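J.: Give me the fold of what follows.
(one chain, ligands or ions: 2)
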Amino acid sequence: MQAPTLLPTSQVTAKKLVVGPCSAESWEQLLQTAYQIAANYPHAIFRAGVWKPRTVPGLFEGAGTDALPWLADVKKQTGLLVATEVATAKHVEKVLEYGIDVVWVGARTTVNPFFVQEIAQALKGVKIPVLVKNPLHPDLKLWLGAIERIKKSGIDDITAVHRGFYTYEKTAYRNTPRWELLLELKLLQPDLQVICDISHIAGNTVLLAQVAQQGLDLNVDGLMVETHFNPQQAKSDAQQQITPEQLHLLLSTLKYRQPHFKDVTLKNALQQLRLQIDGIDAEILKLLSQRMELVTDIAALKDAAQVSIFQIERWRSILDQALVQADTLGLHADFVKNLFIQIHDESIRIQSAILNKNC
Ligand code: PEP
Ligand code: MN
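T.: Numbers count the residues shown, from 1 in each chain. Ligands and ions are numbered 1, 2, ... in the order given. I've put the predicted structure just below:
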């Protein structure tokens, strides 16, 4: 089939692409997939899990060390850089023996500082890029801790991989993205490269484009996408893999926006709007401060009357009023509810400090 012509190649190539099957199943599967990827994305990093961490036993756990020569051959034949997951020092040793270009630390390994330390130790003195996936649960400290351990072993090319977070409740995603955590990570480590593993977030092919676009809109530095020449036959994560052709279509239809304004007129217009927003933000804070002063007066009355801090009817009426007003003002109900929960929490904290000052 003819490749789609929509591809804004220069914009895609500015992003790091880590693509390839969930697991390395056979030499043929790797080469077929890799050749098709290399045709459009010669700069991509070809991924394939050699040792697969499966949640329950009895499933395909990867071809193991046997698959390393296959990956080495992919590199030789297609020129793609090749990557695989390492979870133990032994894995690192084997991967280095076969000249694998990039390694990643999986979500089930990032959770365990002992394993991460073991990997870091094995990587000492080696020049290899390392991708570190977020831990299964939303713990930024643990993620950054893993990155720091790897960094301390002398690795300077480290990329964080956002692959979403496990929740017991079922959602549309396999792993919920919790984009706000990505933003927090950026605030803490502005220079850290971050790519988004859209396949493990989505867990299916339908949500891939939406997740990828959201990631790009938050300025991620690249994407990881599980890609298999024949996804239906995949031995792991069949439901979320796409063909190289579908990958090409996906990457071609995404919007790659600039991180900054180039047009001066538009940039000035933005500046004006931001100034207005800054003014409104300052007003919001002043009003919040006035509100909390009134809370202090209320606390004094409750203290004098020995009345409890929390009153359900009052809380319910505050929320109801806010939600009615939100509706007329066109504000999202969840947003306003969460905002008022925060305000109310702070109000209770202030009153508690006053009423319990002698406790
Ligand atoms: C994978 O990338 O194939 C994988 C096992 O991912 P994760 O560690 O994010 O679950
Ligand atoms: Mn997978």
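J.: for whatever helix or strand residue 281 lives in, packing partners?
T.: In this structure, residue 281 sits in helix 264-305 according to DSSP states H and E. Contacts defined by 3 or more C-beta pairs under 8 Å, 6 or more residues apart in numbering; DSSP states H and E place helix 264-305 against helix 333-355. From N, CA and C alone the C-beta is placed, and that goes for glycine too.
J.: contacts for the helix it packs on?
T.: 288, 291-292, 295-296, 298-300, 302-303, 309-310, 315, 318-319, 322-323, 325-327 (C-beta atoms under 8 Å, 6 or more residues apart in numbering).
J.: Got a quick PyMOL command for the buried subset of the residues you listed?
T.: Here is the PyMOL command that selects the buried residues among these (16 or more other C-beta atoms under 10 Å):
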select buried, resi 295+298+299+302+309+322+326
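J.: Filtering the contacts of helix 333-355 by proximity to ligand 1, which remain?
T.: Near ligand 1, judged by C-beta under 6 Å from any ligand atom, there are no entries from those.
J.: and the residue in the stretch 51-200 of the chain that ligand 1 sits nearest to, what is it in contact with?
T.: For the stretch 51-200 of the chain and ligand 1, the shortest gap (C-beta to the nearest ligand atom) falls at residue 106, measuring 3.1 Å. Contacts for residue 106 (C-beta under 8 Å, 6+ apart) come out as 53, 85, 87, 133.
J.: got JSON lines for these, with pLDDT and neighbour count too?
T.: Output for the contacts of residue 106, formatted as JSON lines (pLDDT from 0 to 100; neighbours: other C-beta atoms under 10 Å):
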{"residue": "53", "pLDDT": "89", "neighbour count": "13"}
{"residue": "85", "pLDDT": "98", "neighbour count": "24"}
{"residue": "87", "pLDDT": "97", "neighbour count": "20"}
{"residue": "133", "pLDDT": "98", "neighbour count": "26"}
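J.: can I get these in CSV with distance to residue 159 and secondary structure?
T.: Below are the contacts of residue 106 laid out as CSV (distance: C-beta to C-beta, whole Å; DSSP: H, G, I helix; E, B strand; the rest coil):
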residue, distance to residue 159, secondary structure
53, 20, coil
85, 14, strand
87, 18, coil
133, 10, strand
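J.: Could you export stretch 294-305 as PDB, keeping only the C-alpha atoms?
T.: C-alpha atoms of stretch 294-305 as PDB (Å, rounded to 0.1, in the frame of the first residue of the first chain):
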ATOM      1  CA  LEU A 294     -14.200  35.800  57.800                       C
ATOM      2  CA  VAL A 295     -13.500  32.100  58.500                       C
ATOM      3  CA  THR A 296     -11.300  33.300  61.400                       C
ATOM      4  CA  ASP A 297     -14.100  35.400  62.800                       C
ATOM      5  CA  ILE A 298     -16.500  32.400  62.500                       C
ATOM      6  CA  ALA A 299     -14.000  30.200  64.300                       C
ATOM      7  CA  ALA A 300     -14.000  32.700  67.200                       C
ATOM      8  CA  LEU A 301     -17.800  32.500  67.400                       C
ATOM      9  CA  LYS A 302     -17.800  28.700  67.300                       C
ATOM     10  CA  ASP A 303     -15.100  28.600  70.000                       C
ATOM     11  CA  ALA A 304     -17.100  30.900  72.200                       C
ATOM     12  CA  ALA A 305     -20.300  28.900  71.700                       C
END
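J.: That's all I had, so thanks and see you.
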